[in-house]
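Student: turn this into a structure:
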Amino acid sequence: MNLLGERNLGPSTEHPHGTYEPMSTLDATFMYAEDGVTHMHIGSCAVFGGPPPTIDEIRSLIGSKMPLLRRYRQKVRFVPGNLAHPVWVDDADFDLRSHVLHAALPEPGGERELHALMGRLMSEELDRSIPLWEEWFVEGLSGHRWALISKVHHCMVDGVSGADLMTVLLDADDDAPIHPPVPWLPIPEPSDSRLLLDASANLTSSPARRLRALASDGRHPLRTLGHLGDVANGLRSLARYLAPAKASSLNGPIGSQRRWAAGRCTLDEVKTIRTAFGGSVNDVVLAAIAGAFRAVLIASGDDVGATDVVRSLVPVSLRREGDHELDNQVSMIIAELPIGIGDARARLAAVCAQMTRLKASHQATAATAITDTAAHTPPALVAFAVRAAGTLLRSTGQQIIDTVTTNVPGPRYPLYAIGREMLEYLPFVPIGQGVRIGVAIMSYNGNITFGITGDDASAPDVQFMARQIESEIAALLASSVEVSP
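Tutor: I've put the predicted structure just below:
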């Protein structure tokens, strides 16, 4: 069944002794990367208007959606010896009360209190012994509002499929009924011996599958050579970032605790700027983020030179239109945010030019090729390499990337929970070693929100960062009015 009731969860392995679904190499990498400091869950804070429901009503709403989200009742099972990547099995002891939880904000229940709660909740890793998600019902928000804070492990979803989840958990109509729960019978999970036998058989057959893939490539030599050329160009483009980035207050060791803040603008404002100065919606928001980073660094006492940049990892979705699978389908590029440019319009022009070059650089193609190569590497070696890299980064630091910026399109229409409209959809992005601040961008129903994640011990002021993004949008908007005919 898909997110709308017909979702295909991918190939499963069925046996008389249990059924499971294998995890992809990319999904498994997010599991291996989590180490107590680098938390690998993504999240969101949905703010609703109207009187808050009860926790039982929220559980009834989410419980009614469970038949559409089988993965939400599955847990991770590790294969002994890492002979295969982890697998998904049904959780025979699934209890909705362990996942739909309750919190109340202290008075006055304003923005800062909500942001502080978000930071605390996102500082805790998900319990791996149960399905890897949580939904927090939050009361006490001022202005006749309440919230739902979501946490989902990155091995389950990427940003786009995470946004898709909201269209399933919530409703497009304000009078949508809550359907009674459907009985659920978990399928028994396999034994360790069954997982080991299957993993051994898979390792034995992997070379043959690789040879068949190479033979298939050989039947289309021009297409294969063209792809290899794109990969080579992309690798050359990525290789220039192997030199360490300029040290600043944005990079360095991080701890396990997070802080979080949110900024806002409207989609119409961004489109007005785009119409006046060119580029895309993504270019405009990246230029605003670059301006905000410039202000943050100057306020922190960093030396900002005219040619300085902030290197950002930018996830790129590989998902085809209409694909609602819950797995990860992403690649990445590395953008250099031009923080050395003091003029907002000139900064936007530089971002537009750079993003045009990056689209032709094939960085995303090269990154995908690296992931595809890992898919043909023994799982135990992949797990060891990811964990060893994490240990090395903790001891030596990571100086290639300064930040992460991810832009995900959300629903263009209003969503409702038990008749209450979702007013805002605020995103959360995880950060890793060497990255003290990350920015997530989410569009929803004509608005754009920015979720800024920071390391609690070392990050510059994330609240200041949020306000600066808003100021940058306002400055570009004022300039666009000046040049309008």
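Student: moving C-terminal of the helix or strand hosting residue 121, what's the next helix or strand?
Tutor: According to DSSP states H and E, residue 121 maps onto helix 111-122. Per DSSP H and E, the first helix or strand lying C-terminal to helix 111-122 is strand 133-141.
Student: what does that next one contact?
Tutor: 47, 52-53, 55, 58, 62, 72, 99-107, 109, 113-114, 117, 121, 126, 146-153, 156, 169 (CB atoms under 8 Å, 6 or more residues apart in numbering). No exception for glycine: its C-beta is placed from N, CA and C like everyone else's.
Student: now intersect those with the helices, please.
Tutor: Within these, residues falling in helices by DSSP state H are 55, 58, 62, 113-114, 117, 121, 169.
Student: that older thread, out of the contacts of strand 133-141, which are buried?
Tutor: 47, 52-53, 58, 62, 72, 99-101, 105, 109, 113-114, 117, 121, 126, 146-153, 156, 169 (16 or more other CB atoms under 10 Å).
Student: how about a markdown table for the ones in helices among the contacts of strand 133-141, with distance to residue 435 and pLDDT added?
Tutor: Compiled in a markdown table, the ones in helices among the contacts of strand 133-141 are given as follows (distance: CB to CB, whole Å; pLDDT from 0 to 100):
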| residue | distance to residue 435 | pLDDT |
| --- | --- | --- |
| 55 | 35 | 97 |
| 58 | 33 | 97 |
| 62 | 32 | 95 |
| 113 | 26 | 97 |
| 114 | 24 | 97 |
| 117 | 23 | 97 |
| 121 | 20 | 98 |
| 169 | 29 | 91 |
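Student: need the residues that contact the helix holding residue 121.
Tutor: Residues contacting helix 111-122 (CB under 8 Å, 6+ apart): 39, 41, 43, 45, 47, 103, 105-106, 134, 136, 138, 140-141, 147, 149, 151, 257-262, 426, 428, 430, 453, 456, 463.
Student: all the helices of the stretch 251-400 of the chain, in order from the start?
Tutor: Per DSSP state H, counting those that start in this stretch, the stretch 251-400 of the chain carries helices over the ranges 267-277, 281-299, 344-359, 363-375, 379-396.
Student: could you dump those into a markdown table and include mean neighbour count?
Tutor: A markdown table is the format used below for the helices of the stretch 251-400 of the chain (neighbours: other CB atoms under 10 Å):
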| stretch | mean neighbour count |
| --- | --- |
| helix 267-277 | 18 |
| helix 281-299 | 24 |
| helix 344-359 | 18 |
| helix 363-375 | 18 |
| helix 379-396 | 15 |
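Student: rank those helices by pLDDT, which is bottom?
Tutor: If those are sorted by mean pLDDT, helix 363-375 sits at the bottom with a mean of 72.
Student: check which helices and strands that helix sits against.
Tutor: If you count contacts as 3 or more CB pairs under 8 Å, 6 or more residues apart in numbering; DSSP states H and E, helix 363-375 packs onto helix 25-33, helix 221-239, strand 330-337.
Student: return the member of the ones you listed having the minimum mean pLDDT.
Tutor: Averaging pLDDT over each of the helices and strands packed on helix 363-375 puts helix 221-239 lowest, since it has a mean of 60.
Student: and the protein, what are its domain boundaries?
Tutor: As assigned by automatic domain parsing, the chain contains the domains 13-194, 218-413+430-483.
Student: those into CSV, with extra columns for distance to residue 203?
Tutor: CSV is the format used below for the domains of the chain (distance: least, CB to CB, whole Å):
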stretch, distance to residue 203
domain 13-194, 7
domain 218-413+430-483, 7
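Student: least reliable of those domains by average pLDDT, please.
Tutor: When mean pLDDT is averaged over each of those, domain 218-413+430-483 scores lowest at a mean of 85.
Student: one step back: and the angle from the helix holding residue 121 to strand 133-141?
Tutor: 160 degrees (axes from the mean of the first three to the mean of the last three CA atoms, to 10 degrees).
Student: export helix 111-122 to PDB, keeping only CA atoms.
Tutor: What follows is helix 111-122, C-alpha atoms only, in PDB (Å, rounded to 0.1, in the frame of the first residue of the first chain):
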ATOM      1  CA  GLU A 111       7.900  31.400  20.800                       C
ATOM      2  CA  ARG A 112      10.900  31.000  23.000                       C
ATOM      3  CA  GLU A 113       9.300  28.400  25.200                       C
ATOM      4  CA  LEU A 114       8.200  26.400  22.100                       C
ATOM      5  CA  HIS A 115      11.700  26.700  20.600                       C
ATOM      6  CA  ALA A 116      13.300  25.500  23.800                       C
ATOM      7  CA  LEU A 117      11.100  22.500  24.000                       C
ATOM      8  CA  MET A 118      11.900  21.700  20.400                       C
ATOM      9  CA  GLY A 119      15.600  21.800  21.100                       C
ATOM     10  CA  ARG A 120      15.200  19.500  24.200                       C
ATOM     11  CA  LEU A 121      13.200  16.900  22.400                       C
ATOM     12  CA  MET A 122      15.500  16.900  19.400                       C
END
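Student: and the ones in helices among the contacts of strand 133-141 as a markdown table, adding distance to residue 389?
Tutor: Converted to a markdown table, these look like this (distance: CB to CB, whole Å):
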| residue | distance to residue 389 |
| --- | --- |
| 55 | 41 |
| 58 | 39 |
| 62 | 36 |
| 113 | 37 |
| 114 | 35 |
| 117 | 32 |
| 121 | 27 |
| 169 | 34 |
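Student: ok, those residues vs residue 467, which is closest?
Tutor: Minimum separation from residue 467 among these (CB to CB) is found for residue 114, which lies at 15.8 Å.
Student: tell me how far that closest one lies from residue 465.
Tutor: Separation of residue 114 from residue 465 (CB to CB, to the nearest Å): 17 Å.
Student: just residue 41 next, same as before
Tutor: Residue 41 is 21 Å from residue 465, where distance means CB to CB.
Student: and residue 390, by the same measure?
Tutor: 26 Å.
Student: between the domains of the chain, which one is nearest to residue 421?
Tutor: Here domain 13-194 is closest among those (CB to CB), at 5.5 Å.
Student: so which of the domains of the chain gets nearest residue 422?
Tutor: domain 13-194 (5.2 Å).
Student: how about residue 279: what's its closest non-neighbour residue?
Tutor: residue 352 (3.8 Å; CB to CB, 6 or more residues apart in numbering).
Student: just to check, that neighbour is in contact with residue 278?
Tutor: Yes: judged on CB atoms under 8 Å, residue 352 makes contact with residue 278 at a distance of 5.9 Å.
Student: secondary structure element for residue 203?
Tutor: Under the assignment here (DSSP H and E), residue 203 is part of helix 192-218.
Student: now do residue 473
Tutor: Assessed by DSSP H and E, residue 473 sits inside helix 462-483.
Student: any idea how far that helix is from the chain center?
Tutor: 25 Å (CA atoms, centre = their mean, to the nearest Å).
Student: can you list the buried residues in that helix?
Tutor: 462-466, 468-469, 471-473, 475-477, 479-480.
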